[in-house]
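Colleague: fold the following.
(one chain, ligands or ions: 2)
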Amino acid sequence: MPDAHLTPDPGAHLEPDLEIAVVRLDPGLPLPSYAHPGDAGADLHTTVDVTLAPGERALVPTGLSVALPEGYVALVHPRSGLAARHGLSIVNTPGTVDAGYRGEIKVLLINHDPVEAVTLSRGDRIAQLVVQRFERARFVEVGVLPESVRGAGGYGSTGTGARP
Ligand SMILES: O=c1ccn([C@H]2C[C@H](O)[C@@H](COP(=O)(O)OP(=O)(O)OP(=O)(O)O)O2)c(=O)[nH]1
Ligand SMILES: [Mg+2]
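Modeller: Ligands and ions are numbered 1, 2, ... in the order given. Predicted coordinates:
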């Protein structure tokens with residue numbers, strides 16, 4: 001029951017109306033779930049126990065396969081708590097789950113901690129899935145691009161100090 005004193009989370013009023021068909025390849029584990037109303041990421045669980053030595057990576061199964069509607073993509077993002085506490089991230093963050101993919105969603109975890117191993121147990125929430133619409137582009141070749149203020153500046157061209 002939400003606390004009456006709390007302002008509702010942004011987006012909490014939005015009824016989730018996008019249905020995504022999910023097959024649980026491992027019926028012992030739950031479907032992806034949002035921790036709070038309005039959250040963008042639905043947590044994914046590992047189906048296996050796994051220990052990652054410092055610097056080690058592993059492709060970890062989630063026990064889920066989905067059929068995303070046309071025009072949608074699901075992005076596999078790291079969880080910030082695991083990153084902050086253990087240096088655990090995802091090698092290819094964010095992972096891209098294409099709408100036509102019917103295989104098991106997997107998470108390519110990596111332990112960035114220089115010293116400590118990370119142990120995850122079956123059922124632990126290891127990543128989060130963000131479902132988004134995307135645009136499919138038509139790449140049209142031209143000889144010269146339209147000018148812009150940024151131009152070709154990048155890779156730190158604006159520096160790091162506060163701008164005046
Ligand atoms: O973190 C991820 C990333 C990808 N996939 C699945 C879904 C995705 O649709 C498929 C292919 O991913 P991607 O296109 O990133 O990999 P690729 O190396 O380009 O493989 P492919 O040649 O199969 O496209 O693998 C996952 O389960 N988890
Ligand atoms: Mg690909």
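Colleague: pLDDT weak spots in the protein?
Modeller: Along the chain, the model assigns pLDDT under 70 to residues 1-4, 14-15.
Colleague: closest point of it to ligand 1, which residue?
Modeller: Closest to ligand 1 within the chain is residue 95: 1.9 Å, counting by Cβ to the nearest ligand atom. For glycine as for every other residue, the C-beta is placed from the backbone atoms N, C-alpha and C.
Colleague: what are the phi and psi values at that residue?
Modeller: Phi and psi for residue 95, reported as degrees, to the nearest 10, are phi -70, psi 150.
Colleague: what is the burial count for it?
Modeller: 18 (other Cβ atoms under 10 Å).
Colleague: list the contacts for the residue most central in space within the chain?
Modeller: What sits nearest the mean C-alpha location of the chain, by Cα atoms, centre = their mean, is residue 77, with 2.0 Å. Shown in contact with residue 77 (Cβ atoms under 8 Å, 6 or more residues apart in numbering): 41, 90, 93, 94, 127, 128, 129, 130.
Colleague: next one: residue 20 from residue 97, what distance?
Modeller: Per Cβ to Cβ, to the nearest Å, residue 20 is found 11 Å from residue 97.
Colleague: list residues touching both of the two?
Modeller: With Cβ under 8 Å, 6+ apart as the test, residue 20 and residue 97 both reach 66, 68.
Colleague: could you check which of these two has the larger neighbour count?
Modeller: Neighbour comparison, residue 20 and residue 97: the larger count goes to residue 97, with 21 against 16 (by other Cβ under 10 Å).
Colleague: who in the protein is up against ligand 1?
Modeller: Contacts of the chain with ligand 1, taken as Cβ under 6 Å from any ligand atom, map to 76, 92, 95, 96, 97, 98, 101, 105, 106, 107, 108.
Colleague: 5 Å - rerun?
Modeller: With Cβ under 5 Å from any ligand atom as the criterion, the chain meets ligand 1 at residues 76, 95, 96, 97, 98, 101, 105, 106.
Colleague: in the sheet, who's paired with the first one?
Modeller: Beta-bridge partners recorded for residue 76 (DSSP bridges): residue 95, residue 129.
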